[in-house]
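A.B. asks: Return atomic coordinates for the entry below.
(one chain, ligands or ions: 1)
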Amino acid sequence: MARFIPNEIIDKIVEESDIVEIIGSYISLKKSGKNYQALCPFHHERTPSFIVSPEKQLFHCFGCGVGGNVFTFLMKLEKVSFPEAVKIVGEKIGISIPSLDKSGGYKENLYRINTLVADFFHQKLKENRFALNYLLKRGFKKSIIDTFYLGYAPSSQDFLNFCDDKKIPKDKLKELGLILPSQRKEGYYAYFRSRIIFPIFTSAGKICGFGARVLDESLPKYLNSPQSPLFDKGENLYGLNLAKQSIREEKEVILVEGYTDVISVYQEGIRNVVASLGTSLTPSQAKLLKRYANKVYVAYDEDSAGESATLRGIDTLLDADLQIKVISFPGGDDPADFIQRKGKESFIKVKKESISYFDYRLNLEISQKPSLELEEKLEIVNSLFLTLRKVRNQIARNELIKRLASKLNIDKSSLVVEFQKFMGRKNFPTSFVKSSPKASEDKDKEKYLLQIMLCGEEAVEIVKNEFSLDEFTNPVYRKIAQEIIKLAEKDQLSHSKLINRIEDENLSSVVSSFTLSDFPLDGIDKRKVARDIISNLRRISNQRKINSYLEEIKESDKRGEEEKVRELSGKLSQLKRKTLLD
Ligand SMILES: [Zn+2]
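C.D. replies: Numbering: from 1, shown residues only. Model (predicted):
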């Protein structure tokens, strides 16, 4: 994550804010012993398992596992980034942050240029009657043109003159993909020429790139900004800046294909609509949607929805654990045409009639294989197993298998067996599965070691001097240990600061969980405990190596590789000796 705010300011805000006061301004907290309790805002519950600790300045929910410091809370609740969360808390307690916009940062400078360019395009649209009429004739109202800040890219020379006037450096324009070096003569030419411009905003409302459409039949019809330090079309969703509030409220989003689909649907008052900026949805886009919604209505053009690239894109929504419904428009309309001709009410009606993604896939497959011979049925089953695999909820999965069986008129129990076989093939090698319970015990010990480290410098010193970070088997814990040591070196060890340093929502809840769970750490000799755990971990790790040598020796012996057996046995006895000495 880009980091614009200096650590000193972040720490100052942590020190001067009170987590109880800030969380208490969102949900109602009840005092319970030295902590506060509440019903968790992140999952549905009847008895409170959400704890806020004024002493540690942390919160944790023992129901759903979410936890962290005051910034984590805002990031989760307000769905904002870390710097945004810092800014919100800063504002509440009157600590101002050197403005993110005026910081003169490299990216901020590029955003500033994009904004200047968007202003120019928008102005040009207002001056160009032909382009403006084109949009008005397509049913866009003037107000919506302003809302989406649509523009018009004039000729190459016009654009270059404007950039010279504003003294925008050529290398920056090149970096943003707004100009290209000319191949015939010296100089540059504009990337967007004689096109309608759709500025593409980040979810926070900054212009990261542009989309463009021709006014006539020339090709290519659509053009996007090339990849740049600000723009990656697989990372953004068009319209999200305007839609996010309403998506958050309704917990659902309508996913369309094009710019004009978003604008047309939004114009009719349906606000929770976004477009993927290509035909196939990427995992990052699915994750972005998951931040706001639980349910996605896919409203792609009829002809492209059935194409396999698009289907794969929709599959990635399942990976993100989103419920998916597919809207089909009668007569093969696209969403823009449909809502413009039939209106909002009809749109809502077809949305209500949408079918589940699984049924949509099943119907599509069946329609392509009308005879439904046994072989064709098996093909369908195999293709849908790929989708079923991504459905995480067991009950939902069972329900879908039942539906598949009845639609194809095959026996449900044998379908379940087949699916289990299919899943078995996709699983990890059995050796990995076998070793995992043991590994998880070690992780508990590693976690306990981190807890001890967080209690004070003495334990940190022991770990620093007598243990190597590489010995942590869990990479998450390794990272946390690293940050604890860094903070301790600066004499700044605190739970909340630790969470600021790791800046990861999942890691935050690991820290809050083991700080707020009731481990009796008071009054024990932390140095001794740290040493005990370390030697314990080392013994386990050596034992694991010994086991693997024994295994290898057995295998080599079976194959009659005497040389290898001798070599391994040597290593084994060395290791055994070392373990005894440790
Ligand atoms: Zn919870």
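
A.B. asks: all strands of the stretch 301-450 of the chain, in order?
C.D. replies: Ranges of strands within the stretch 301-450 of the chain are 323-326, 355-356, based on DSSP state E, counting those that start in this stretch.

A.B. asks: could I get the ones you listed as CSV with mean pLDDT and mean neighbour count?
C.D. replies: C-beta coordinates here come from the backbone N, C-alpha and C atoms, glycine included. Shown next, in CSV, are the strands of the stretch 301-450 of the chain (pLDDT from 0 to 100; neighbours: other C-beta atoms under 10 Å):
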stretch, mean pLDDT, mean neighbour count
strand 323-326, 91, 20
strand 355-356, 90, 15
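
A.B. asks: so which of these gets nearest the ion?
C.D. replies: strand 323-326 (20.2 Å; C-beta to the ion).

A.B. asks: quick one: that closest one to chain centroid distance?
C.D. replies: Mean C-alpha position of strand 323-326 versus that of the full chain (C-alpha atoms, centre = their mean, to the nearest Å) differs by 19 Å.

A.B. asks: what's that strand in contact with?
C.D. replies: Identification of contacts with strand 323-326 by C-beta atoms under 8 Å, 6 or more residues apart in numbering yields 294-298, 305, 314, 317-318, 354-357, 360.

A.B. asks: re the thing from before, as CSV, the strands of the stretch 301-450 of the chain with distance to the ion would be great.
C.D. replies: Formatted as CSV, the strands of the stretch 301-450 of the chain follow (distance: least, C-beta to the ion, whole Å):
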stretch, distance to the ion
strand 323-326, 20
strand 355-356, 28
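
A.B. asks: The protein against the ion: which residues are in contact?
C.D. replies: 40, 42-43, 61, 63-64 (C-beta under 5 Å from the ion).

A.B. asks: can you do 6 Å?
C.D. replies: Taking C-beta under 6 Å from the ion as the criterion, the neighbours of the ion within the chain are 40, 42-43, 50, 61, 63-64, 66.

A.B. asks: about what we covered before: lowest pLDDT pick from the contacts of strand 323-326?
C.D. replies: In terms of pLDDT, the weakest of those is residue 305, which scores 65.

A.B. asks: Look up how far the ion lies from residue 527.
C.D. replies: According to C-beta to the ion, to the nearest Å, residue 527 and the ion sit 36 Å apart.

A.B. asks: show me what contacts that residue?
C.D. replies: Residue 527 sits next to 458-459, 462 when contact means C-beta under 8 Å, 6+ apart.

A.B. asks: so which helix or strand takes in it?
C.D. replies: helix 526-558 (DSSP states H and E).

A.B. asks: what's the answer for residue 177, then?
C.D. replies: Residue 177 belongs to no helix or strand, assigned by DSSP H and E.

A.B. asks: Excluding chain neighbours, what is closest to it?
C.D. replies: residue 226 (4.0 Å; C-beta to C-beta, 6 or more residues apart in numbering).

A.B. asks: quick one: the one you found and residue 209, what's the gap?
C.D. replies: 9 Å (C-beta to C-beta, to the nearest Å).

A.B. asks: if you count what's nearby, which of these two comes out ahead?
C.D. replies: residue 209 (25 against 13; other C-beta atoms under 10 Å).

A.B. asks: Am I right that the more buried one sits in a helix?
C.D. replies: No - counting by DSSP: H, G, I helix; E, B strand; the rest coil, one finds residue 209 to be strand, located in no helix.

A.B. asks: burial measure for the nearest residue to residue 48 once chain neighbours are set aside, as a count.
C.D. replies: Counting by C-beta to C-beta, 6+ apart, residue 48 lies nearest to residue 37, which is 4.4 Å off, once chain neighbours are set aside. Neighbourhood size, residue 37 [other C-beta under 10 Å]: 16.

A.B. asks: is it true that residue 37 touches residue 27?
C.D. replies: No - the criterion here is C-beta atoms under 8 Å, and residue 37 misses it with residue 27 at 10.6 Å.

A.B. asks: Residue 549: what's it in contact with?
C.D. replies: Residue 549 touches 568, 571-572, 575, counting by C-beta under 8 Å, 6+ apart.

A.B. asks: How many neighbouring residues does the closest residue in space to residue 28 that isn't next to it in sequence have?
C.D. replies: Once flanking residues are discounted, residue 28 sits nearest to residue 38: 6.4 Å by C-beta to C-beta, 6+ apart. A count of nearby residues for residue 38, using other C-beta under 10 Å, gives 21.

A.B. asks: beta partners of residue 38?
C.D. replies: In this entry, residue 38 is beta-bridged to residue 50, by DSSP bridges.

A.B. asks: any idea how far the residue nearest to residue 48 lies from the ion?
C.D. replies: 12 Å.

A.B. asks: related to what we said a few turns ago, list buried residues within the residues of the chain next to the ion.
C.D. replies: Buried residues within these, counting neighbours by 16 or more other C-beta atoms under 10 Å: 40, 50, 61, 63, 66.

A.B. asks: re the thing from before, will you turn the residues of the chain next to the ion into a markdown table that also has pLDDT and secondary structure?
C.D. replies: A markdown table is the format used below for those (pLDDT from 0 to 100; DSSP: H, G, I helix; E, B strand; the rest coil):
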| residue | pLDDT | secondary structure |
| --- | --- | --- |
| 40 | 89 | coil |
| 42 | 86 | coil |
| 43 | 83 | coil |
| 50 | 91 | strand |
| 61 | 88 | strand |
| 63 | 80 | coil |
| 64 | 81 | coil |
| 66 | 87 | coil |
